[in-house]
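how would this look folded up:
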Amino acid sequence: MQDTIRQAVQAALAAEGVANNLAFVVEHPNDRNYGDYTTNAALVAAKQLEATPREVAERLVARLEGKLPQVAILTIAGPGFINLTLTREYLLSQIQHAVSQGSLWGGNQSEADKEILLEYTSPNLFKPLHIGNLVGNIVGESLARLYTYAGATVHRINYPSDIGLTVAKGVWGLQQSDADPNDITAIGEAYRRGNDAYEQDDAAKAAIENINRALYAGTDDVINQLRAAGIATSERHLASICRQLGTEFGTTIYESEASASGKKVVTENIGKVFTESEGAVVFSGERVGLHTRVFLNSQGLPTYEAKDVGNFLLKQKQYPDWSQSIVVTGGEQREYFKVLYAAIYELYPEIPKSSLEHIPTGFLTLTTGKMSSRKGKVLTGESLLVELAAAASERASVAAAEYPAELAEAVGVAALKYQILRSGLGTDIVFDKERALSFEGDSGPYLQYTHARINSVLERAQQEGVQADAAALPAMVYELERVVYQFPEVVLQALEERAPHRLVGFLTELASEFNTFYAHESIADKADPHAAYKVLVTQAVQQTLRNGIWLLGMQAPERM
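Numbers count the residues shown, from 1 in each chain. Got it, this is the predicted structure:
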């Protein structure tokens, strides 16, 4: 509907002689008393038309009359805003559409026939999954679902680091402590020990660097076996958490796999794309307005940059028909990816300049501040999820012993995901457990609880013999109807703007509006002449919530 209105306003402006490139907005007013949409087109066009905004608004309204059958009322507010109120019939059609479309409601075809490579999570192996690493997974999974809802074929890709100094530090730590490489906690402690030694002890630093070179060479069986055992343990740990979070990767590309191909490409392009500098091989980013980065270090080993070139090649080889290649990772790597992509575009000039994208995430902190897996004082991702599930059970309306573990886990995951996705991407997140687990608004459990409440209401209506029926349409429009129809617009906007937080805000508003509706309306009362329509509206809200909750990567329980 938003696009339909925009096109009609554009046509009206053109009829007034206004250029097609005029930048105006069509949006929902903050107060629905002003209508369902508003536009500032008259204010923006006034100078060009040499008239007051109010005069322009009157001329535009006259041209729009009869051109938008879905609009019942056109009014002018303030200095020249044009407000539009939708017809009763249009809102009814959207309620019916939401119910009839089911799980497809809200979807679109904006990315149809496109193949999206979406890389996210991608942790350093050989240590427990840091709580901050969960952010990339949660953001990436939501974006993957938004792309799927837009008709794209999405390839979920995990690119874990299984070689390099991180692994070398962990191997050294295991050697020093004789710890069990099959224990994820022991691996995390070994890494912490190795990292501390690397920073504080020159002899240990030299030994760790020797291990790193041996790992790349693959010449030491003992070291290789320790690495393999630690990697396998880390991967089991990662797979368990990803299952909890609702992610299933179709492709895993290891850093060790990307290393050789990346080094080969960089070496072959010395003097073309790359230059030698003080024994290393670098990309001179200053010549394209960026900064210089090392791709091969002075020991001839590939850095993250060279490995990422190799990673790109492996992805392209596996999915040659890709349309967009996206990496979701920390916002602190913005400048890194600018240089990396600049180098790849020079290596492969046939690649469209807009086809590589880095989507930044923010830091996740607790009330105690930023967390670090290097310093030992770390809350792992797994332990946080366990803690949230336990807290969800304690807050349940039934005894904890009767509360299904699967439901407690789903509520805990929703609590975490909501708090991460409610902020704009790249914005730092302060996680507040009390707020996250609240059942009274602005939280994942609140959305889940509202969905469960709707399920209960619909069951009661069925028991009372109240069946959904549009024929029981009341003359007045329920405020709920004026929210539900916006869902497809919000879904599209969330993808186009890389803004899952817009979907979070919409679902929270919808849940709040339903709970107000529930408090003031008798939905399952057979004696109410409009009960059948209220049930239809409730079904539309249920479907909208269910689809939206899925897009955020959460579960929508039937009961809570």
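
let me know the pLDDT of the residue nearest to S103 when sequence neighbours are not counted.
Spatial nearest neighbour of S103, chain neighbours left out: N547 (6.4 Å); criterion: C-beta to C-beta, 6 or more residues apart in numbering. The C-beta positions use only the backbone N, C-alpha and C, and glycine is treated the same way. pLDDT, N547: 98.

tell me who's in contact with P474.
Neighbouring residues of P474 by C-beta atoms under 8 Å, 6 or more residues apart in numbering: 530, 533.

hmm, 10 Å instead?
88, 528-530, 533-534 (C-beta atoms under 10 Å, 6 or more residues apart in numbering).

drop anything exposed from the residues you listed.
Buried residues within the contacts of P474, defined by neighbour count using 16 or more other C-beta atoms under 10 Å: 528, 530, 533-534.

from F295, how far off is D308?
Distance of D308 to F295, computed by C-beta to C-beta, to the nearest Å: 9 Å.

so what sits against both of these two?
In contact with both D308 and F295: 262, 302, 340, 343, using C-beta under 10 Å, 6+ apart.

which of the helices or strands spans the first one?
Here G262 sits within helix 255-268, counting by DSSP states H and E.

report the buried residues of that helix.
255-259, 261-263, 265-266.

cool, and stretch 422-432?
422-423, 425, 429, 431.

got the CA coordinates for that stretch in CSV?
C-alpha atoms of stretch 422-432 as CSV (Å, rounded to 0.1, in the frame of the first residue of the first chain):
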residue,chain,number,x,y,z
ARG,A,422,15.8,-4.7,19.3
SER,A,423,18.8,-2.4,18.7
GLY,A,424,20.0,-1.2,15.3
LEU,A,425,22.8,-3.3,13.7
GLY,A,426,26.2,-2.1,14.8
THR,A,427,24.8,-0.6,18.0
ASP,A,428,26.4,-1.9,21.3
ILE,A,429,24.0,-3.9,23.5
VAL,A,430,23.8,-3.9,27.2
PHE,A,431,22.1,-7.2,28.2
ASP,A,432,19.8,-6.9,31.2
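
any idea how far the residue lying closest to L473 once chain neighbours are set aside is from Y348?
Leaving aside its chain neighbours, L473 sits nearest to Y533 (5.3 Å; criterion: C-beta to C-beta, 6+ apart). Separation of Y533 from Y348 (C-beta to C-beta): 58 Å.

equivalent analysis for L407, please.
L407 is 49 Å from Y348, by C-beta to C-beta.

out of the two, which sits in the busier spot?
Neighbour totals were compared for L407 and Y348, and L407 leads with 20 against 13 (other C-beta atoms under 10 Å).

so where does L447 fall, helix or strand?
Using DSSP H and E, L447 falls in helix 444-463.

what's the first helix or strand after that helix?
That would be, after helix 444-463 and using DSSP H and E, helix 481-484.

in the longest helix along the chain, what counts as buried?
For the chain, the helix with the greatest residue count under DSSP state H is helix 221-245. Within helix 221-245, the residues that qualify as buried are 223, 226-227, 229-231, 233-235, 237-238, 241-242, 244-245, counting by 16+ other C-beta under 10 Å.

the helix or strand that it is followed by pairs with which strands?
Using DSSP H and E, the helix or strand that directly follows helix 221-245 along the chain is strand 251-252. Paired strands of strand 251-252, with direction, are strand 153-158 (parallel) (DSSP bridges).

after the strand it pairs with, which helix or strand is next?
Heading C-terminal from strand 153-158 (DSSP H and E), you reach helix 165-177.

so what does that following helix touch, helix or strand wise?
Applying 3 or more C-beta pairs under 10 Å, 6 or more residues apart in numbering; DSSP states H and E, we find helix 165-177 packed against helix 184-200, helix 202-217, helix 221-245, helix 255-268.

closest to V466 out of the ones you listed?
Nearest to V466 among the helices and strands packed on helix 165-177 is helix 221-245; the distance by C-beta to C-beta comes to 38.1 Å.

quick one: low-confidence ranges for the stretch 201-350 of the chain?
In the predicted model of the stretch 201-350 of the chain, no residue satisfies pLDDT under 70.

again, only using 90
Applying pLDDT under 90 to the stretch 201-350 of the chain flags the ranges 219, 237, 240.

for the most centrally placed residue in the chain, what are its contacts?
Nearest residue to the geometric centre of the chain (C-alpha atoms, centre = their mean): V139, 3.0 Å. With contacts defined as C-beta under 10 Å, 6+ apart, the neighbours of V139 are 120-121, 328-329, 359-362, 417, 420-421, 425-426, 498, 500, 553.

filter these down to the buried ones.
The neighbour count (16+ other C-beta under 10 Å) marks 120-121, 328-329, 359-362, 417, 420-421, 425, 498, 500, 553 as buried among these.
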